[in-house]
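J.: Kindly return the folded structure for what I paste below:
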Amino acid sequence: VQLVESGGGSVQAGGSLRLSCATVTYGRYVMGWFRQVPGKEREEVAVMDSDGSTRYADAVKGRFTISKDNVKKTLYLQMNSLKPEDTAMYYCAAVSPENYDENGSGAWASGYWGQGTQVTVS
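T.: As a prediction, the model looks like this:
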């Protein structure tokens with residue numbers, strides 16, 4: 001499974017960005033967006049289950065929206081009202097529903113990951 005993120009950049013506080021994650025996936029996957037700041041643990045930002053249900057980290061609820069286009073095989077993260085604390089490297093990831101059902105958040109360690117896209121909010 002190949003995942004390629006794009007859409008990161010520098011933006012002022014209060015601005016918006018939309019991240020994209022192009023996939024070459026076949027079958028159903030649980031997809032997620034994560035972020036990481038150097039020296040800190042990776043943080044789960046938003047997850048979309050294989051049935052389309054979504055959940056968000058408390059820090060981004062009401063500001064970020066995860067979505068996907070099945071025709072384009074692309075996962076998106078719309079980020080509005082950005083804050084300086086949103087600055088991080090953002091990654092998309094995919095795991096099989098079976099792995100996720102069995103291992104929960106631990107499944108991501110054995111999932112598929114993109115190379116990341118940097119978001120900087122000043």
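
J.: Just give me the residue right at the centre of this protein.
T.: Central residue of the chain (CA atoms, centre = their mean): Trp33, 1.4 Å from the mean position.

J.: Poorly predicted segments of this structure, please.
T.: The chain contains residues with pLDDT under 70 at 26-27.

J.: Run through the helices of it in chain order.
T.: 97-103 (DSSP state H).

J.: Show the residue spans covered by the strands in it.
T.: Along the chain, counting by DSSP state E, strands occupy 3-6, 9-11, 17-23, 30-36, 43-48, 54-56, 64-69, 74-79, 88-95, 112-113, 117-121.

J.: neighbours around the nearest residue to Lys72 once chain neighbours are set aside, how many?
T.: Excluding the flanking residues, the one nearest Lys72 by CB to CB, 6 or more residues apart in numbering is Ala22, at 7.8 Å. In this view, the C-beta of every residue, glycine as well, is placed from N, C-alpha and C. By the measure other CB atoms under 10 Å, the count of residues near Ala22 is 16.

J.: Wait, Ala22 touches Thr74, no?
T.: Yes. With contacts counted by CB atoms under 8 Å, Ala22 reaches Thr74, the gap being 5.3 Å.

J.: Identify all contacting residues around stretch 56-67.
T.: Under the criterion CB atoms under 8 Å, 6 or more residues apart in numbering, residues 31-33, 43-48, 54, 75-82, 85-86 lie in contact with stretch 56-67.

J.: in that stretch, what's buried?
T.: Neighbour counts over stretch 56-67 (16 or more other CB atoms under 10 Å) mark 56, 60, 64, 66 as buried.
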